[in-house]
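Asks: Sharing a sequence plus its predicted fold:
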Amino acid sequence: MSVRRAFNRWRATAAPWAVLRAFVVFVYVFSLGPILITAAVSFNATNRSFFPPRGFSLRWWERAFAPEWVDPLLFSLKLGSLTAVVATALALPLAFALYRYRFRGRQALIALTLGPLMMPTLVTGVGLLQLFQQLGWREQLGFTGLLVGHVVICMPFAVRTVSVSLQTLPPNVELAAASLGATRIATLRWVVLPLVKTGVVAGGVFAFIHSFTDVNLSIFLARPGETPITVRILGFLEFGFAPTLAAVSVITLIVPLALVAVVERVSGLGDFIYGERRRA
Amino acid sequence: MPMAMARARKSIPPLLIVALPAAVLLAFFVVPNLLLLSASFLKSEAQQLTTQPTLDNYRFLLTRPLYLEVFARTFTVGIAVGVLDLLLGFPLAYFLVRTKSRWKGLLIALSLAPLLASVVVRTYGWYIILNRFGFANDVLLGLGVIGERIAFMPSTGAIIIGLAHALLPYAVLTIMGSLNGINPHFESAAMSLGADRMRTFLYVLLPLCLPGIAGGFLLVFSIAISAYATPAILGGPATQVAATAIYNFIIQLLDWSLGAALAVILIAATLLLLYGAGRLGERRATL
Amino acid sequence: MPEPALRLTGLEKHYGATTAVAGIDLTVGHGEFVTLLGPSGCGKTTTLALIAGFVPPSAGEIYLKGRSVADLPAFRRDIGVVFQDYALFPHMTAGENVAFGLRMRKVAPVDIARRVGEALDLVQLKGLGERRPLQLSGGQRQRVALARALVINPTVLLLDEPLSNLDLKLREEMRVEIVSIQRRLGITTVFVTHDQGEALVMSDRVAVMNAGRIEQIGRPADIYERPATRFVAEFIGRMNLFAGTVTDARSVRTASGVEISLPVPREIPVGANVSIAVRPERARVTSERTARGLALAGTVRQVFYLGATREYRVDLEGGERGLVETPNDGSDARFASGDTVWLTASFDDCRLIEGGIPRGRP
């Protein structure tokens, strides 16, 4: 076939897809570029956030592991883990009741559960701050206040994933267990819970990530000394953009990334992505 | 759902099971919002909330040019970010749904990965690019497009770019969900009947994934109008949006009345949008 | 000489290391109904997609009415396609679906309305134009899909297993209907299926495909009576295949060592391994060896009563198995399991196909 023929054939049939591919590359560059730039900046030898980085140095990374950054990081990790546990623990009975029973107020309960998802987290944060202040719980701001706030906004994720999990239960599995002599508790323990394990794990992971990356709620409930890492970074951004911040930012990206990678390997998260994000 | 069983056995009343979680939500979600609502109707004096009911807070916010500007900006940002994310997200979503590459899973994960980074982290990158001594300026100067450095930020435009970047995965996910349900044969059928790619898109693809597109837009819009971190970093004191204004009122000015009122306006707007989105979804469902 | 409606020359499609279509040459005359028949994975659907333009060919040419179209995208080829899942646009009514192709061709609205009405009439869906696909039954949707493809008067009508999703009764009805519509309109048609019954009933010619190639193409009777390869012999209907070796121009030695006098086609050389192909309904089970024709000794293993026919499964000397189908004339079975019998057939009912059966075949 002549070159011209081949080109015409390509143009008629494959070209549109090639154009799409090119555009998609552009979108990926747009999407991932700034993140990669941030990572690159952290290796700057100079004191400014230059891109492309001038010189190569690891000293900002050294600074990133200094207490002033490690403390908030550990704080966020602790907060996130506890949020995940509590949110999932509270979500389990909720999801189970919604799945199993029909009762008056079921719709209201659903609305209540999804509420924090619909409401801007900023507003929830402001409201909680007001609540704590009105109750005179000034001291409770910081870890406790943040924990409460995070649990509230992360619970819907856990309820979602556990619900999705429950829906994949074979319909008669509980009846089968009952016919084999299992009590209510035993059925729960040996049949239902193991089957919804992936939902629970996914819920915990999403809750952790949501807590770890939250800013809008945390800025209202943090206290000096008890500040999540995101709020800390935000605070420093007002003073300048030292490469240390870049290094710290990269660390805050690696944590959820690693978590997702590990969990995906071990128990799989794919099914929950659509289920989690699908809105009303 | 094994309903027969629920009735046949003596059940633990469901309300008991959900008591604890429901209580937590009521106490720490509903109550705070009610408090906010009430505070928005109360007067503030000397940075203290009084118990005097008033509509002045709303009057203030809805008539002062400064705050009308804030609303206008917030709304503009929301629309611009929504549109931008649709323009960027639809082709990407279409590609991800239709591609037969063996890297499909990885590509999808990559498109969602930015969600794992905190908004702060994502916005920091844009600071580096958009600031006066940043990457964008370097490139444009180097290419000779501009003669001297431009301050791309702080500005509303920078906020739009930063937010569009941060919220793109939400649009992609929503649109993908919709596209996934569309049989690829529809496009082949349309083409076999003489529709070129543009007309296939307009007459067949678009009508069928309109719910996903509308849903994606509304989702992005509703998050954009309540965004704090990105406008705080890429905008400045002169370019406020609703969220930064609320922060300003409450943390800096300690004015709970106005802060609460502004928050309530924000909630109202969001709920209205979500209601509208829900209705759109319903109408489409009767296809 | 006028150009044929469709001509494929050296058509190939490769996906990386996999070859879906390995070289197809096909000519379809105006008004002809040709079926691409084969098992899944044989390349028939890919070939259809190539003709339609959904997929670009790796090599080869496609001519529609003499015009090369391989460089043209699907929307510039003058084709009509009916998909296996019908692919009716769910957001349009049946009438709007049918009208779509006409709209794309900028036909005047008045004419569109008239032609849509005629098309729906043709497929016996008069008056159902306002219904949406969701409100139609499977059979009705299929007819709409057909009407949609026909109304634009394409050069070639392409059907990709359109009857697979219908239940048996409906399938048999639709077969007849499709053929009658096709004859009435005289529209050139390429039909893809894996169901050989369908292929035989509906087609003017059948192209049996395997592994990306056409193994044999011919009229249904030719394909059935005179299969050219073992694959075709086994794919169409049921076939007994007995191993043999050609000893000279007029004899073949069977697996059990018996020499039979059987005319050998000139193309098959002496010494070649062949299969003696006999249709079960042409074979008979007899208690004594026949004087002339094929006769193989064996024992009846099983007898099945199928209502209209009886089947005898016979273990032959030499280890092979034979299948004989006899019409049920109302009498009892003449033989029972364990009887020593001869499997016989006249030479006219035997065909020699080159290529023996590998040892150890069940």
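Replies: Perfect, thanks for sending it.

Asks: what's near enough to touch residue B:64?
Replies: Counting by CB atoms under 8 Å, 6 or more residues apart in numbering or on different chains, residue B:64 makes contact with nothing. To be clear about C-beta, it is placed using only N, CA and C from the backbone, and glycine gets the same treatment.

Asks: what's the answer for residue C:109, then?
Replies: By CB under 8 Å, 6+ apart, no residues touch residue C:109.

Asks: how much space is there between it and chain A?
Replies: For residue C:109, the distance to chain A equals 30 Å [CB to the nearest CB, to the nearest Å].

Asks: so after the helix-or-strand element of chain B with minimal mean pLDDT, what's the next helix or strand?
Replies: Here the helix or strand of chain B ranked lowest by mean pLDDT, DSSP states H and E is helix B:3-8, holding a mean of 46. Counting by DSSP states H and E, the next helix or strand C-terminal to helix B:3-8 is helix B:14-17.

Asks: Which elements pack onto that following helix?
Replies: Under the contact definition 3 or more CB pairs under 8 Å, 6 or more residues apart in numbering or on different chains; DSSP states H and E, helix B:14-17 sits against helix A:67-100.

Asks: May I see the buried residues of whichever helix or strand comes after the helix it packs on?
Replies: Scanning forward in sequence from helix A:67-100 by DSSP H and E, the next helix or strand is helix A:106-118. By 16 or more other CB atoms under 10 Å in any protein chain shown, the buried positions in helix A:106-118 come out as A:109, A:112-118.

Asks: How about stretch A:56-66?
Replies: Within stretch A:56-66, the residues scored as buried using 16+ other CB under 10 Å are A:60-61, A:63-64.

Asks: my read: residue C:344 touches residue C:284, true?
Replies: Yes. Contact status for residue C:344 versus residue C:284: in contact at 5.2 Å, counting by CB atoms under 8 Å.

Asks: lowest average confidence, helix or strand, in chain C?
Replies: Within chain C, confidence by mean pLDDT, DSSP H and E is lowest for strand C:259-261 among all helices and strands, at a mean of 80.

Asks: Next, the residues that contact it from outside, please.
Replies: If you take CB under 8 Å, 6+ apart as the criterion, strand C:259-261 is touched by C:244, C:247, C:250-254, C:276, C:294-295.

Asks: With stretch B:71-89 instead?
Replies: The contact list for stretch B:71-89, computed with CB under 8 Å, 6+ apart, reads A:27, A:30, B:156, B:159-160, B:163-164, B:167-168, B:170-172, B:175, B:213, B:216-218, B:220-222, B:224-225, B:231, B:239-242, B:265.

Asks: Using PDB, list the CA coordinates for that stretch.
Replies: Provided in PDB are the C-alpha atoms of stretch B:71-89 (Å, rounded to 0.1, in the frame of the first residue of the first chain):
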ATOM      1  CA  PHE B  71     -21.200  35.700  46.200                       C
ATOM      2  CA  ALA B  72     -20.700  36.600  42.600                       C
ATOM      3  CA  ARG B  73     -17.100  35.400  42.800                       C
ATOM      4  CA  THR B  74     -18.000  32.200  44.500                       C
ATOM      5  CA  PHE B  75     -20.700  31.500  42.000                       C
ATOM      6  CA  THR B  76     -18.500  32.400  39.000                       C
ATOM      7  CA  VAL B  77     -15.800  30.200  40.400                       C
ATOM      8  CA  GLY B  78     -18.300  27.300  40.800                       C
ATOM      9  CA  ILE B  79     -19.600  27.600  37.200                       C
ATOM     10  CA  ALA B  80     -16.100  28.000  35.700                       C
ATOM     11  CA  VAL B  81     -14.700  25.100  37.600                       C
ATOM     12  CA  GLY B  82     -17.700  23.000  36.700                       C
ATOM     13  CA  VAL B  83     -17.500  23.800  33.000                       C
ATOM     14  CA  LEU B  84     -13.700  23.400  32.900                       C
ATOM     15  CA  ASP B  85     -13.900  20.000  34.600                       C
ATOM     16  CA  LEU B  86     -16.500  18.900  32.200                       C
ATOM     17  CA  LEU B  87     -14.400  19.900  29.200                       C
ATOM     18  CA  LEU B  88     -11.400  18.200  30.600                       C
ATOM     19  CA  GLY B  89     -13.100  15.300  32.300                       C
END
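
Asks: does residue C:61 count as helix, strand or coil?
Replies: Three-state call for residue C:61 (DSSP: H, G, I helix; E, B strand; the rest coil): strand.

Asks: same question but for residue C:24, I mixed them up
Replies: Secondary structure of residue C:24, reduced to three states by three-state DSSP: strand.

Asks: Same check on residue C:14?
Replies: strand.

Asks: May I have the beta-bridge partners of it?
Replies: Counting by DSSP bridges, residue C:14 forms beta bridges with residue C:19.

Asks: and what of residue C:6?
Replies: Counting by DSSP bridges, residue C:6 is bridged to residue C:28, residue C:64.

Asks: Spatially nearest residue to residue C:5, not counting backbone neighbours?
Replies: Closest residue in space to residue C:5, ignoring its immediate chain neighbours: residue C:188 at 3.9 Å, by CB to CB, 6 or more residues apart in numbering or on different chains.

Asks: What about the residue of the stretch 51-200 of chain A found nearest chain C, how many residues nearby?
Replies: Nearest residue of the stretch 51-200 of chain A to chain C: residue A:167, at 24.3 Å (CB to the nearest CB). With neighbours defined by other CB atoms under 10 Å in any protein chain shown, the count for residue A:167 comes to 14.

Asks: Report the spatially nearest residue to it, omitting neighbours in sequence.
Replies: In space, residue A:167 comes closest to residue A:99 once its chain neighbours are excluded; the distance is 7.2 Å by CB to CB, 6+ apart.

Asks: so what pLDDT did that neighbour get?
Replies: Among the per-residue scores, residue A:99 holds a pLDDT of 83.

Asks: Name the residue closest to the centre of chain B, please.
Replies: Nearest to the centroid of the C-alpha atoms of chain B, with distances taken as CA atoms, centre = their mean, sits residue B:223, at 2.1 Å.

Asks: That one: which element?
Replies: In this assignment (DSSP H and E), residue B:223 forms part of helix B:206-225.

Asks: for the record, mean pLDDT for that helix?
Replies: Per-residue pLDDT over helix B:206-225 has a mean of 90.

Asks: Now the element after it, going C-ward?
Replies: Helix B:206-225 is succeeded, C-terminally, by helix B:229-234 (DSSP H and E).

Asks: returning to that earlier point: for the contacts of stretch B:71-89, which ChimeraX command selects only the ones that are buried?
Replies: Remark: buried members of these, expressed as a ChimeraX selection using 16+ other CB under 10 Å:
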select /A:27 /B:156,159,160,163,164,167,168,170,171,172,175,213,216,217,218,220,221,222,224,225,231,239,240,241,242,265
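
Asks: Can you tell me how far the residue nearest to residue C:5 is from residue C:160?
Replies: Per CB to CB, to the nearest Å, residue C:188 is found 16 Å from residue C:160.

Asks: Strands along the stretch 151-300 of chain C, start to end?
Replies: Using DSSP state E, counting those that start in this stretch, the strands of the stretch 151-300 of chain C run over residues C:156-160, C:188-193, C:205-210, C:213-218, C:240-248, C:251-254, C:259-261, C:273-278, C:284-286, C:294-305.

Asks: For the last one, C-alpha coordinates in PDB please.
Replies: Taking Å, rounded to 0.1, in the frame of the first residue of the first chain, the C-alpha atoms of strand C:294-305 are listed here in PDB:
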ATOM      1  CA  LEU C 294     -19.100 -49.300   2.000                       C
ATOM      2  CA  ALA C 295     -19.500 -52.000   4.600                       C
ATOM      3  CA  LEU C 296     -17.800 -51.900   8.000                       C
ATOM      4  CA  ALA C 297     -18.200 -54.600  10.600                       C
ATOM      5  CA  GLY C 298     -19.100 -53.700  14.200                       C
ATOM      6  CA  THR C 299     -21.200 -54.100  17.300                       C
ATOM      7  CA  VAL C 300     -24.200 -52.100  18.300                       C
ATOM      8  CA  ARG C 301     -23.400 -50.200  21.500                       C
ATOM      9  CA  GLN C 302     -26.500 -48.100  22.100                       C
ATOM     10  CA  VAL C 303     -29.900 -47.500  20.500                       C
ATOM     11  CA  PHE C 304     -31.700 -44.200  21.000                       C
ATOM     12  CA  TYR C 305     -35.300 -43.500  20.300                       C
END
